[in-house]
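**Q** Provided below are the primary sequence and the corresponding predicted coordinates.
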Amino acid sequence: MSSYSVKPDLAVTFAGIKSPNPFWLASAPPTNTGEQIMRAFDAGWGGAVWKTMGAQITNTSSRYSSIDWNSQRMMGFSNIELISDRPLDVNLRELAEVKKRYPTQALIASLMVESTREAWHTVVQQAEDAGADGLELNFGCPHGMNERGMGSAVGQVPEYTEMITAWVKEKARTPVIVKLTPNITDIRAVARAAKRGGADALAAINTINSITGIDLDTFMPQPNVDGRSSHGGYSGPAVKPIALNMVQQVMSDPDSMLPISGIGGIATWRDAAEFILLGAATVQVCTAVMHYGYRIVEDMIDGLQNWMCEKGFQSIESLRGLSLPRVTEWKDLNLNYKIIAHIEESKCIGCGLCYTACWDGAHQCIHVDRVSGPINGPAELHAKPAEVEAATRSSITVTPIAKLDASTTSPHASATPLTRIPRVDQTECVGCNLCSLVCPVDDCITMVEVETGLPAETWEQRTTACPTGESR
Amino acid sequence: MQELLQQTPAIADKFADLHPPFQAQAAVLEADRCLNCFDAPCTGACPTHIDVPKFIKKITSGNLHGAALGILDANILGASCARICPVDVLCEGACVMHGLNEQPIKIGRLQRHAMDHFHAQGGRLPRKSHENRPEKIACIGAGPASLATAAELKQRGFQVTVFDKHPLPGGLNTYGIAEYKLPLIDSLREIELIKELGVDFRFGVEIGGEASLATLEAEFDIIFLGAGLGAMHKLAIPDDHHPAVIEALQFIADYKTGKITHIEGNVVVVGAGNTAIDAANAAKRLGAKEVSILYRRTREHISAFDFEYRQALQEGVRFLWLTQLIAVHGSADSITSVECERMEIDSNGRIKPLEDSHFHIECNTVIPAIGQSPMLELLAQCKDVQLEHGRVIVGRATGQTTNPKYFAGGDCVNGGREVVDAVADGKRAGVAIARMLEAAYV
């Protein structure tokens, strides 16, 4: 571990735009006004993408809905809010003021206007005159604006994306970032179009089309606008894996690859580090700030720096994209690599979740037979889960009473009884990971590599040698 | 039963819930902590084998009605047990969370949450069969064991009559539980559901007295003995019938039914079991100045659960170890002090009085709590029903006695355990009786 005394430099240059750290606020309610953005910069945010400016709109009431999960609020969040509902000139005047007072932070103007060359030329000129460090083209908004031929209506059609990006590039003097919608079969199709249109950078992902839920008393989908609802844009922790995948897809495709600002479910420095390891140069945050406020950036900076110290990284660029080569197509995975589950007896608390998961959700190779005697082999050789439970429930249990019972021991006085510690049948385990994923105890179930004695071989190699794919 | 549908206000004030109910959101938060174990240890540790993870997951999904029905299916007194079970040595004691050095899931309070909802919604017990069967079963005693047997059989369509010498049903569940755990009215409310099933209750009838067993045998196909235990042991002192000496169970029943609402002066409780502690805590709450528990042995030997002992300390009860009461002093109708002596334990573990160790404690009421004796008089009248150490011998899985027409469960079989043990006995007997009768009529 290297020294914590010298903190690594988090400054980044993104498509030419300088930023003191990679943490930007995404174009959204937290960047609605100059007053907000200045408070965010005071809190430590390295940049902000102004809430999308363009034609005047009217918003609905209500606008948001969310999904809670296991008592955690807002695992997923959905909005039907449109672009900025403030006059363009007010936004631009405030943008100019913020830029003047915070010259070192990155200030990006998000733009969306009707799909004409003139309209785009005009707004580009206005944003740059106000002092924007860069332009983000909102081709992703999945609700409302798309019905008017803007937002994802552009981002879902590669030709439109290329055309409008090209119009903007005719005029722009600052870097142009195209924000991609995930509501498309293959995000690379649009990324390539943006690149062909001359984009300097990409941002991904915008929100995902969603209906968050339905009130089971009123049958009203959420959010409720006077008895009607509409599909919203989904964000928050729930979407991070989708966003990571899309960032990886873009960054692994030479025809798409551009500097990319990662967006989607980022709430902590850990999330940010993952996006950076898949090639993102900056990250953008919205939902987590809407939940907890601008203050979350403090730990994002501090945590990322401490982790970088621990891993010996001196700059964001030195870790950017390090995990990209590790993602391949399935056909390039080694079929002769074998792992099996190992249950650490001393850590097992006897909850049996691995047993249930393996029997019902995997390959029936975890058993509770350490005491009755281990039996290896397929499911047919073992007592079924329902039989195991039935045996317990037909047993007679009484409350331990000191004066009636010779030896009364507290049921939680000792370690997990061996009868409750499951065992892995190594001859049947396929190494799927499921038991280790459901185990509530850290490091209790680990996946251990077994030597197969076979050289590495991928599906690609195997089928090249033998077209049916049968193992030789 | 009608006149007691409200707790006596003077009692309600002094005996507020020891473990208050969950707020709805807190219940879900707690329920979400449950890991949903396979073959869950909590379920195994519960004498009635309530499927704990199943009802807890129903709480997380908002299916409180389903949760309550699941609980009641295993334990017909699910609401009472949620509040009175010694969960530390049962379900919560077995929770795997202990292995993570975390608090166990608060199973008792979650169970109460589901049951409170059920009662608030006017939930009713389901029938398991819509067929009405002719066979008649008599249950002697209306305590938890009989209630479980009666409910199980009535749900299956049999004709059930429950006899009890008291005016209210429930046995010790109604008369004997500390009011801060389970108010008497809540016990009655739960039993009301069993009444609604159609079980016939006959109160104020002492079997063996005017209603002879022979009459019962002639009228009923099966007799279930859920008679509990008999009179409390007397103190071995000259004035054991002094009016200021009031037995613990009588004292507890009296304050629970509002007959006693206040206690003056100092109280001495003899014995250190769970009943002694209930009585001592109650005396303290009812206004006694000083409450002392006298016990002939030491802390390690008490039969009270550890959490009960700690609760008594909280309530300000004083424990006098190695102390024996030998006499009460005062007038014919009041006591001013008790005379005690010190005990010692010899190397063989036997206790004996320490010479010249007499001392006096100021005391106005003495509450003996040194256990109950078996109901030998009644049990002796049940022909061919064999006893061992005063307990009825049964097949544990069926509750059947040595006379195949007689089944038994609860304290008269197990020597005096918890309500949940009696319910488990009663349920097993109910299932076994139904199987036997159904098989006979095929």
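**A** Cool, got the structure. Numbers count the residues shown, from 1 in each chain, chains lettered A, B, ... in the order given.
**Q** all contacts plus neighbour counts: C-alpha atoms, from now on.
**A** Fine.
**Q** where does chain A come near chain B, residue by residue?
**A** Chain A comes close to chain B at residues A:70-71, A:348-353, A:355-356, A:388-389, A:392-393, A:396-404, A:410-412, A:415-416, A:440-441, as judged by C-alpha under 8 Å from any C-alpha of the partner chain.
**Q** In helices, which of these fall?
**A** A:353, A:355-356, A:388-389, A:392-393 (DSSP state H).
**Q** Pull out the buried residues from the residues you listed.
**A** Buried members of those, counted by 16 or more other C-alpha atoms under 10 Å in any protein chain shown: A:353, A:355-356, A:392-393.
**Q** Report the contact partners of residue 339.
**A** Chain wasn't specified; assuming chain A. By C-alpha atoms under 8 Å, 6 or more residues apart in numbering or on different chains, the residues touching A:Ile339 are A:430-431, A:447-450.
**Q** other chain: chain B
**A** B:Glu339 sits in contact with B:325-329, B:358-361, where contact means C-alpha under 8 Å, 6+ apart.
**Q** Which pLDDT value goes with the residue lying closest to it once chain neighbours are set aside?
**A** The shortest distance from B:Glu339 to any non-neighbouring residue, by C-alpha to C-alpha, 6 or more residues apart in numbering or on different chains, is to B:His360 (4.5 Å). B:His360 carries a pLDDT score of 97 in this model.
**Q** Tell me if B:His360 really is in a helix.
**A** No - counting by DSSP: H, G, I helix; E, B strand; the rest coil, B:His360 is not part of a helix but strand.
**Q** What distance do you get for it to chain A?
**A** According to C-alpha to the nearest C-alpha, to the nearest Å, B:His360 stands 29 Å off from chain A.
**Q** could you list every residue that touches residue 235?
**A** The chain I'm using is chain A. Contacts of A:Ser235 by C-alpha under 8 Å, 6+ apart are A:76-78, A:207-208, A:264-265, A:287.
**Q** nope, chain B
**A** B:368, B:370.
**Q** For it, identify the helix or strand it belongs to.
**A** B:Leu235 belongs to no helix or strand when elements are defined using DSSP states H and E.
**Q** Report the separation between it and A:Trp359.
**A** As judged by C-alpha to C-alpha, to the nearest Å, B:Leu235 and A:Trp359 stand 60 Å apart.
**Q** For B:His166, which non-adjacent residue is closest in space?
**A** Going by C-alpha to C-alpha, 6+ apart, B:His166 has B:Gly204 as its nearest residue, at 5.1 Å.
**Q** Find me the pLDDT at the one you found, would you?
**A** 93.
**Q** Now render the contacts of A:Ile339 as CSV, adding pLDDT and secondary structure.
**A** Converted to CSV, these look like this (pLDDT from 0 to 100; DSSP: H, G, I helix; E, B strand; the rest coil):
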residue, pLDDT, secondary structure
A:Val430, 97, coil
A:Gly431, 97, coil
A:Met447, 98, strand
A:Val448, 97, strand
A:Glu449, 97, strand
A:Val450, 96, strand
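**Q** Make TSV from those residues and add neighbour count and distance to B:Glu219 to it.
**A** Shown next, in TSV, are the contacts of A:Ile339 (neighbours: other C-alpha atoms under 10 Å in any protein chain shown; distance: C-alpha to C-alpha, whole Å):
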residue	neighbour count	distance to B:Glu219
A:Val430	15	65
A:Gly431	21	66
A:Met447	17	68
A:Val448	12	70
A:Glu449	12	73
A:Val450	12	73
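**Q** now, among these, which is nearest to A:Asp215?
**A** A:Gly431 (40.6 Å; C-alpha to C-alpha).
**Q** Now the closest one: closest residue in space that isn't a chain neighbour?
**A** A:Ile340 (4.5 Å).
**Q** Can you name the residues that contact the nearest residue to B:His262 once chain neighbours are set aside?
**A** If the residues on either side of it in the chain are set aside, B:His262 comes closest to B:Leu286, at 4.8 Å by C-alpha to C-alpha, 6+ apart. B:Leu286 is in contact with B:14, B:261-263, counting by C-alpha under 8 Å, 6+ apart.
**Q** Filter the residues you listed down to just the ones in helices.
**A** Reading helices off the contacts of B:Leu286 with DSSP H, I get B:Lys14.
**Q** Now do A:Thr174 against B:Pro126, distance only.
**A** 74 Å.
**Q** Apologies, that question was intended for B:Ile260.
**A** Distance from B:Ile260 to B:Pro126, by C-alpha to C-alpha: 38 Å.
**Q** How about B:Cys412?
**A** B:Cys412 is 29 Å from B:Pro126, by C-alpha to C-alpha.
**Q** just to revisit the earlier point, number of nearby residues for the residue nearest to B:Glu339?
**A** 15 (other C-alpha atoms under 10 Å in any protein chain shown).
**Q** Which residues are in contact with it?
**A** So B:His360 contacts B:337-340 (C-alpha under 8 Å, 6+ apart).
**Q** can you list the residues of the stretch 251-400 of chain B near chain A?
**A** Checking the stretch 251-400 of chain B against chain A by C-alpha under 8 Å from any C-alpha, the hits are B:302-304, B:396-397.
**Q** Need those in TSV (columns: neighbour count).
**A** As requested, these are arranged in TSV below (neighbours: other C-alpha atoms under 10 Å in any protein chain shown):
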residue	neighbour count
B:Ile302	19
B:Ser303	19
B:Ala304	21
B:Arg396	16
B:Ala397	14
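**Q** so which of the residues you listed comes closest to chain A?
**A** B:Ser303 (5.3 Å; C-alpha to the nearest C-alpha).
**Q** Need the pLDDT of the closest one.
**A** Taking B:Ser303 on its own, its pLDDT is 92.
**Q** about what we covered before: what about the residue nearest to B:Glu339, distance to B:Thr323?
**A** 11 Å.
**Q** for B:His98, same thing?
**A** For B:His98 relative to B:Thr323 (C-alpha to C-alpha), the value is 37 Å.
**Q** Which of the two has more residues huddled nearby?
**A** B:Thr323 (24 against 20).
**Q** Counting neighbours, what do you get for whatever residue of the stretch 201-350 of chain A ends up closest to chain B?
**A** Nearest residue of the stretch 201-350 of chain A to chain B: A:Ile349, at 5.2 Å (C-alpha to the nearest C-alpha). Using other C-alpha under 10 Å, A:Ile349 has 22 neighbouring residues.
**Q** Quick check: what element follows the helix or strand harbouring A:Lys18 along the chain?
**A** Secondary structure assignment for A:Lys18, by DSSP H and E: strand A:17-19. Where DSSP H and E defines the elements, the next helix or strand beyond strand A:17-19 is strand A:23-25.
**Q** what about B:Lys352, how many neighbours?
**A** B:Lys352, neighbours per other C-alpha under 10 Å, totals 15.
**Q** unless I'm mixing things up, it is touching B:Met343, no?
**A** Yes - at 5.4 Å, B:Lys352 counts as touching B:Met343 under the criterion of C-alpha atoms under 8 Å.
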